[in-house]
Structures are given as structure tokens and as C-alpha cells.
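Engineer: I would like the atomic coordinates for the input below:
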Amino acid sequence: MVSYRKSSTAKTSKFTGSQLQRLVCAYFRCRMRWCSSSMLHPLRCVRIRSCARRGKNTLPLWIREIWAYIRLLVQSLYFSSLTDSDVVFDSVFEPVFWTVDYVTRWFGTVFVCLVVILTGSILAIAYLILLPMIFRTYSPPWIAWHVCYGHWNMVMIIFHYYKAITTSPGSPPTEKNSSPFVAVCKKCIIPKPARTHHCGICNRCILKMDHHCPWLNNCVGHFNHRYFFSFCVALAVGCVYCSISGRDLFIEAYSAIERFKHLDVEKPGVPVTGMGVLIGLLPPGQTNYQTSAPPHTFKEKLIHKSIIYMWVLTSTVAVALGSLTLWHAVLISRGETSIERHINSKERNRVVKRGGVYRNPFNHGRLNNWKIFLGVEKTSHWLTRVLLPSGHAPPGDGLQWDVFPVKKDLIPV
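Structural biologist: Predicted coordinates:
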């Protein structure tokens, strides 16, 4: 018989059997010495728990959101090679801007209530104190003037303030449309038409945004810009009217309050001594002669202090709000908003450095700018839409604008 052998020889170890046995025993003795079986189980438990913690963070959700937001801001600093100083400034101060927007958003209702309370207090003083005084002291022509003008001014203030609060300033459509746009909002991720800007407080894009007004708790944009400006004009003119017409009353009230203070400081009686006691000017046991009661009452004090309060408040608001109203009137005459004022200023400086002349593409001329802003389309509209309350919408939809208009009267009024 033929016997066959395997062509490959079996691999043999260089250690003998006894040597391998001794090595295995030494390995286990070393393992037991450094980590006994009683310690292996706790170590396994710690490792399992650490692995579980990696998948589930124990920090509160709001802390994790803030930390993720800060990491995103830091990463945005070196995200693109186009990063400049403006991007770095916006990223670093984004938490500050977010805090201001958050506080303003929640305090908007407080500011609106404050406007209502202050305006209501002036109306209460006018109806309860000033109006009866006018009927008693003024002539019939002056009575008619104060009553008619005062009520017209009050209606204009209330109407335009209500419309400015309740009217939406307008936002670009979120669905797909064929309207032209100039950019894409990096926060809303939607196309932005010309003159549209994002409001961090309202958290949306606003058509022809001027600014966010905390006293309205609303943005001033395309559809409520006229209401806002008309309210400012009516309130400023009303405060000037109260300040001028109430100047003499304020001086009289202030003098009366000072006189009352001196009377309150004086002693209530005159001491009687010497011969006066002997001749019996006073009853037995009394040493002071009581003077008469002061010639003023609590009602008189309240009336005088109310007049002082009204004059100080209206004079202060007339100066502050009057300055703001004049500034907005200048912007309207130039055909630009508060935001566009800064943008046009930067663009004008850039063009001038290159030797060119910058033109505001939305400037139709002073008169036409006012006609477009107020919605005046014929002569009678100066009365029905400007001097009287009117709820007409502004021209255009806020999505498309005429640029570089020809020099002609767009509205022949």
C-alpha cells in the first residue's frame, strides 16, 4: 500500500508544554494581583454608566441650547473667507442684540399701556378741570375754538394710534411667487424685495421697514407708516397747544402752591402774654390766640397740582416728540426710511470716493414724496385724507417700486 503525507508541515511552537503552562499561570496571577475579581464588576458598571451618559446629557435643555448657540457663533467667525469686520461684530454682539429684542418684545405691552394711561390722564384733567374753567372765564368765540380744535385733535390722536397698533406693516409672501427680490433673508430664508428688512423683535421681514416702535408694540412699515407719522404729528401739535394755552394757568397754579406752602409753615396761633392775660383777652387756661383756617382746601391743591402735571408733561412730550416728528418729516421729503438713511449714507460715501454722484432710487422729489406717502391723488384728498381721519391704504403693494423716476409731477394736484 502507498502511504501519502501532507505537503505542508505543521507549525510547532518554540515553547514546550510545561513552559506554556507556567506562562499562563503567571498571566492570571498578574491579572488577579492588579485587578481582582471583586474590582472587575464595579469597573464594568462605571464603564457602562459612562457610556450611557455620553448618549444622554444631564444638563437642562435651555443651557444646552445656549451652549449650542455660542458654539455656532464662534464657528461663524471662521466659516467663510468673506468674513469681515461687520460679520465679526454681528456675531460677537448677537447675544446682546437678542437680549434687547427679547426685552423689547415683552415690554411692548407695558409701553402701550403707559401711553394710554398718560393720554387718559391729560384728557381727564381737560374735561374735569380745564373745560369748566373755559366755560366760566372765556368769551363765546374762544370757547368754540377750544372745544372744536381740542376734540378734532383728540380724534386724530386716538384714531391714528389705534390704526398704527392694529395695522400690520406688511411682510413678503412666504410661498413661491414671481415678485422680484434683491436678496434672501439669512434668518427667514425667504426672498426679500427692495426696501424690505428683517425685524429681530417681530421675528419676520417687514416691507419698507422704518423701525420697530416700542410705544406701538409694532413695526413701522409700508402699510402703517402713515398712521405712525400722523399720530406723531397730532400728538406733538396737541402737546404744543396745551403747553401754550396752559402757560398762564401753570404760572398761577405754581404761585398758589408756593403760597400754600408758606401758609402751612406758619404757626396756627399767636401767643398772648403780659397785659393781655390780665385784661381777659383769652379764656382761663388758654395762652394762644387761634388764627383762622388757611384759605385753601384739598380740592384747590389737587386742581393746581393737576394743572402743573399737565403742563410739565405736555411741554416735555412736545419737545421730544416734536424733534422726532421733524426728523421723520425730513426723511419723508427725501423719500427714504430711517434704515435707508444709514444705507444711503454709506453708499453715497462709497460712490463719492470713486468720483461719482449717488442718487436715491426711490426719491420722486419733495412734493411727490409727500403725495405718495399721504396717498393724495386729487385736491380734495388734502382734506379728506390728511386733515381728517382716513383708513385708505398706501399706493402699491410694497413688493415692487418705481426706481429712478422722471422729473415730473406724478400726481397733478
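
Engineer: any weak-confidence spans in the stretch 251-400 of the chain?
Structural biologist: Applying pLDDT under 70 to the stretch 251-400 of the chain flags residues 263-296.

Engineer: How about the stretch 51-200 of the chain?
Structural biologist: Within the stretch 51-200 of the chain, the segments meeting pLDDT under 70 span 51-57, 76-84, 87.

Engineer: which residues in it form helices?
Structural biologist: 61-77, 85-92, 94-125, 131-137, 140-166 (DSSP state H, counting those that start in this stretch).

Engineer: export those to CSV and tack on mean neighbour count and distance to residue 333?
Structural biologist: From N, CA and C alone the C-beta is placed, and that goes for glycine too. Compiled in CSV, the helices of the stretch 51-200 of the chain are given as follows (neighbours: other CB atoms under 10 Å; distance: least, CB to CB, whole Å):
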stretch, mean neighbour count, distance to residue 333
helix 61-77, 11, 39
helix 85-92, 12, 29
helix 94-125, 14, 27
helix 131-137, 12, 37
helix 140-166, 16, 20
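
Engineer: got the ones you listed as CSV, with distance to residue 362 columns?
Structural biologist: CSV is the format used below for those (distance: least, CB to CB, whole Å):
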stretch, distance to residue 362
helix 61-77, 32
helix 85-92, 24
helix 94-125, 27
helix 131-137, 46
helix 140-166, 22
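
Engineer: so which of those helices comes closest to residue 315?
Structural biologist: Shortest distance between residue 315 and those, using CB to CB, is found for helix 94-125: 11.9 Å.

Engineer: helices or strands next to the closest one in the packing?
Structural biologist: In terms of contacts (3 or more CB pairs under 8 Å, 6 or more residues apart in numbering; DSSP states H and E), helix 94-125 is packed against helix 61-77, helix 140-166, helix 298-334.

Engineer: Dump those into JSON lines; add distance to residue 388 as well.
Structural biologist: Shown next, in JSON lines, are the helices and strands packed on helix 94-125 (distance: least, CB to CB, whole Å):
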{"stretch": "helix 61-77", "distance to residue 388": "50"}
{"stretch": "helix 140-166", "distance to residue 388": "8"}
{"stretch": "helix 298-334", "distance to residue 388": "19"}
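
Engineer: okay, now residue 59: neighbour count?
Structural biologist: Applying other CB atoms under 10 Å, we find 8 residues neighbouring residue 59.

Engineer: Pull the contacting residues for residue 307.
Structural biologist: If you count contacts by CB atoms under 8 Å, 6 or more residues apart in numbering, residue 307 has them with 125, 129, 130, 246, 249, 250, 253.

Engineer: and the gap between the first one and residue 207?
Structural biologist: As for residue 125, its distance to residue 207 is 40 Å (criterion: CB to CB, to the nearest Å).

Engineer: about what we covered before: which among the helices and strands packed on helix 94-125 is found nearest to residue 185?
Structural biologist: Distance to residue 185, taken as CB to CB, is lowest for helix 61-77 among the helices and strands packed on helix 94-125, at 16.4 Å.

Engineer: Now do that closest one: which elements does it pack against?
Structural biologist: Counting by 3+ CB pairs under 8 Å, 6+ apart, helix 61-77 packs on helix 85-92, helix 94-125.

Engineer: can you list these in JSON lines and add distance to residue 359?
Structural biologist: Formatted as JSON lines, the helices and strands packed on helix 61-77 follow (distance: least, CB to CB, whole Å):
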{"stretch": "helix 85-92", "distance to residue 359": "25"}
{"stretch": "helix 94-125", "distance to residue 359": "32"}
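
Engineer: Tell me which of those helices sits nearest to residue 144.
Structural biologist: Each of these has some distance to residue 144 by CB to CB; the shortest is helix 94-125, at 19.6 Å.

Engineer: relative orientation of that closest one and helix 61-77 in degrees?
Structural biologist: Helix 94-125 and helix 61-77 are oriented at 120 degrees to each other (axes from the mean of the first three to the mean of the last three CA atoms, to 10 degrees).

Engineer: Helix 94-125: how far from the chain's middle?
Structural biologist: Relative to the chain's own centre, helix 94-125 is displaced by 8 Å; criterion: CA atoms, centre = their mean, to the nearest Å.

Engineer: Pull the contacting residues for the closest residue to residue 206 other than its chain neighbours.
Structural biologist: Leaving aside its sequence neighbours, residue 206 sits nearest to residue 221 (CB to CB, 6 or more residues apart in numbering; 4.3 Å). By CB under 8 Å, 6+ apart, the contact set of residue 221 is 169, 170, 206, 207, 208, 209, 210, 398.

Engineer: Among those residues, which lie within strands?
Structural biologist: Mapping the contacts of residue 221 onto strands (DSSP state E) picks out residue 206.

Engineer: For the contacts of residue 221, give me a markdown table that also has distance to residue 74 and neighbour count.
Structural biologist: Output for the contacts of residue 221, formatted as a markdown table (distance: CB to CB, whole Å; neighbours: other CB atoms under 10 Å):
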| residue | distance to residue 74 | neighbour count |
| --- | --- | --- |
| 169 | 34 | 26 |
| 170 | 36 | 21 |
| 206 | 30 | 27 |
| 207 | 34 | 24 |
| 208 | 35 | 25 |
| 209 | 30 | 26 |
| 210 | 33 | 26 |
| 398 | 37 | 23 |
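
Engineer: Need the pLDDT of the nearest residue to residue 325 once chain neighbours are set aside.
Structural biologist: Excluding the flanking residues, the one nearest residue 325 by CB to CB, 6+ apart is residue 232, at 4.4 Å. Predicted confidence (pLDDT) for residue 232: 97.

Engineer: May I see the contacts of residue 307 organised as JSON lines, with distance to residue 146 added?
Structural biologist: Converted to JSON lines, the contacts of residue 307 look like this (distance: CB to CB, whole Å):
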{"residue": "125", "distance to residue 146": "14"}
{"residue": "129", "distance to residue 146": "13"}
{"residue": "130", "distance to residue 146": "9"}
{"residue": "246", "distance to residue 146": "11"}
{"residue": "249", "distance to residue 146": "13"}
{"residue": "250", "distance to residue 146": "16"}
{"residue": "253", "distance to residue 146": "18"}
